[in-house]
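Engineer: generate coordinates for the sequence data below:
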Amino acid sequence: MNGEQGDTATTIVIPVAMVLAGLAAYSAMDAVMKGLSIALGAYNALFWRYAGGVIIASLLYLPRRTPWPAKQVRRLFLIRGVVTAIMAFAFFWGLARTPLAEGIALSFIAPLIALYLAAVLLGERIGKVAIIASMLGLAGVAVILAGKMGDGRFDRDAMFGVAAILFSAVLYAWNLILQRQQALVAGPVAILFFQNIIVFAIFACFAPFLAAPPPADLWPEIALSTLFAIAALLLISWGYARAEAQHLVSLEYSAFLWAALFGWYFFAESLTFATLAGTILIVSGCLLVAWRRPKKAELIEGAPL
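Structural biologist: Here you go, the predicted model:
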């Protein structure tokens with residue numbers, strides 16, 4: 001028995017390490033993109049990052065010569081691409097006006113919003129635990145906002161930044177549901193390719209009016225943000241394919257530690273008590289849901305989510 005437990009622990013170590021590395025890469029990408037969004041604006045930062053993403057994703061996907069996805073799968077790709085484009089623009093537009101750790105903390109409310117979206121879109125029931133968890137999440141957001149107002153940082157620009165991040169969190173919650181649905185019908189490289197193609201195509205529609213070539217000294221940062229984003233997606237996908245979600249879901253909140261570190265080091269942002277307290281409340285709500293025991297009806301293999 002002890003030998004089996006040891007084997008299980010050993011098996012989990014590498015996926016956990018991969019997911020942690022992927023989350024660190026996502027956090028690094030957020031830091032680079034925050035700087036690019038300040039320098040270029042959120043649109044141009046995303047437009048050029050996804051342009052690089054299309055090139056790299058094409059090199060990974062096209063040589064495989066995989067069959068064209070079915071109509072239902074293409075529709076799912078399109079919906080998630082549109083949601084991702086709007087979500088990413090809102091998030092990085094808001095992040096340019098909000099401290100990095102604070103922005104990441106506010107985005108953590110997305111899994112709680114996903115509970116209610118799942119009820120609307122998938123017909124799932126919302127239990128008492130989910131309601132308590134959502135109340136903790138809202139309390140956390142209120143604490144962070146109260147902290148901003150208390151220290152005089154909640155000016156008009158900051159208010160719009162927070163609103164943009166919270167709007168992005170709603171879309172990210174929907175994106176979580178779409179992501180689970182996609183995972184049942186497509187592999188990570190296919191998802192990477194079609195998401196980059198679709199999001200770039202959406203941003204390209206506005207290129208004649210908004211796109212501007214970035215200064216030469218910013219091209220390395222654009223390339224770096226692209227590589228971080230792709231590496232993060234592949235690392236996390238690899239980890240989730242090899243270990244149960246119950247062992248990995250709580251790792252998501254390690255992103256806050258990286259955001260606090262990168263925000264302090266690159267942007268001289270201090271971590272306030274209100275941000276830390278609000279984050280603890282939001283994360284507590286998410287973990288309350290993640291650690292609850294699912295009912296038998298929720299354990300049907302292959303059930304879409």
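Engineer: in the stretch 151-300 of the chain, which spans are helices?
Structural biologist: Counting by DSSP state H, counting those that start in this stretch, one finds helices in the stretch 151-300 of the chain at the ranges 156-183, 188-204, 207-210, 219-240, 245-248, 254-267, 273-290.
Engineer: tell me the mean pLDDT for the fifth one?
Structural biologist: When you say that, I think you mean helix 245-248. In this model, helix 245-248 carries a mean pLDDT of 58.
Engineer: equivalent analysis for the first one, please.
Structural biologist: Across helix 156-183, the average pLDDT comes to 83.
Engineer: angle of it against helix 219-240?
Structural biologist: Helix 156-183 runs at 40 degrees relative to helix 219-240, counting by axes from the mean of the first three to the mean of the last three C-alpha atoms, to 10 degrees.
Engineer: okay, the angle between the helix or strand hosting Val120 and helix 156-183?
Structural biologist: In the assignment (DSSP states H and E), Val120 maps to helix 110-122. Counting by the same axes, to 10 degrees, helix 110-122 lies at 50 degrees to helix 156-183.
Engineer: may I see the buried residues of helix 110-122?
Structural biologist: Ala110, Pro111, Leu112, Ile113, Ala114, Leu115, Tyr116, Leu117, Ala118 (16 or more other C-beta atoms under 10 Å). All C-beta atoms are positioned from the backbone trio N, CA, C, and that covers glycine.
Engineer: and what of stretch 176-184?
Structural biologist: Leu176, Ile177, Leu178, Gln181, Gln182, Ala183.
Engineer: now the residues you listed as TSV including distance to Trp93?
Structural biologist: Below are the buried residues of stretch 176-184 laid out as TSV (distance: C-beta to C-beta, whole Å):
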residue	distance to Trp93
Leu176	21
Ile177	23
Leu178	21
Gln181	27
Gln182	25
Ala183	28
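Engineer: Val82: which of those is nearest?
Structural biologist: Leu178 (10.2 Å; C-beta to C-beta).
Engineer: contacts only, for that closest one.
Structural biologist: Shown in contact with Leu178 (C-beta atoms under 8 Å, 6 or more residues apart in numbering): Leu76, Ile79, Arg80, Val83.
Engineer: how about Ala70, nearest residue that isn't a chain neighbour?
Structural biologist: Leaving aside its sequence neighbours, Ala70 sits nearest to Val185 (C-beta to C-beta, 6 or more residues apart in numbering; 7.9 Å).
Engineer: so what's that neighbour up against?
Structural biologist: Pro69, Ala70, Gln72, Val73, Leu76 are the contacts of Val185 under C-beta under 8 Å, 6+ apart.
Engineer: of those residues, which is the most crowded?
Structural biologist: Top of the contacts of Val185 by neighbour number is Leu76, holding 20 neighbours under the definition other C-beta atoms under 10 Å.
Engineer: and it, what does it touch?
Structural biologist: So Leu76 contacts Leu178, Gln181, Gln182, Val185 (C-beta under 8 Å, 6+ apart).
Engineer: what about the last one? Give its phi and psi, please.
Structural biologist: Backbone torsions of Val185, given as degrees, to the nearest 10, read phi -130, psi 0.
Engineer: how far away is it from Arg80?
Structural biologist: Going from Val185 to Arg80 by C-beta to C-beta, to the nearest Å gives 12 Å.
Engineer: buried ones in the helix or strand containing Val129, by neighbour count?
Structural biologist: Val129 belongs to helix 128-150 when assigned by DSSP H and E. Under the neighbour-count criterion of 16+ other C-beta under 10 Å, helix 128-150 has 130, 133-134, 136-137, 139-141, 143-145, 147-148 buried.
Engineer: on that earlier part again, least confident of the helices of the stretch 151-300 of the chain, on average?
Structural biologist: Among the helices of the stretch 151-300 of the chain, helix 245-248 scores lowest, at a mean of 58.
Engineer: pipe the contacts of Leu76 into TSV and attach distance to Leu281 per row.
Structural biologist: Listed next are these as TSV, based on distance: C-beta to C-beta, whole Å:
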residue	distance to Leu281
Leu178	27
Gln181	29
Gln182	31
Val185	36
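Engineer: and of those, the nearest to Trp238?
Structural biologist: Gln182 (16.0 Å).
Engineer: check contacts around the closest one.
Structural biologist: Contacts of Gln182 by C-beta under 8 Å, 6+ apart are Leu76, Phe77, Arg80, Ile191.
Engineer: got it, and Phe77?
Structural biologist: Contacts of Phe77 by C-beta under 8 Å, 6+ apart are Pro69, Gln182, Ala186, Ile191, Phe194, Gln195, Ile198.
Engineer: wait, which of those residues is closest to Thr98?
Structural biologist: Gln195 (24.9 Å).
Engineer: ok, that closest one to Ser27 distance?
Structural biologist: Separation of Gln195 from Ser27 (C-beta to C-beta) stands at 20 Å.
Engineer: that concludes my questions; thank you for your assistance.
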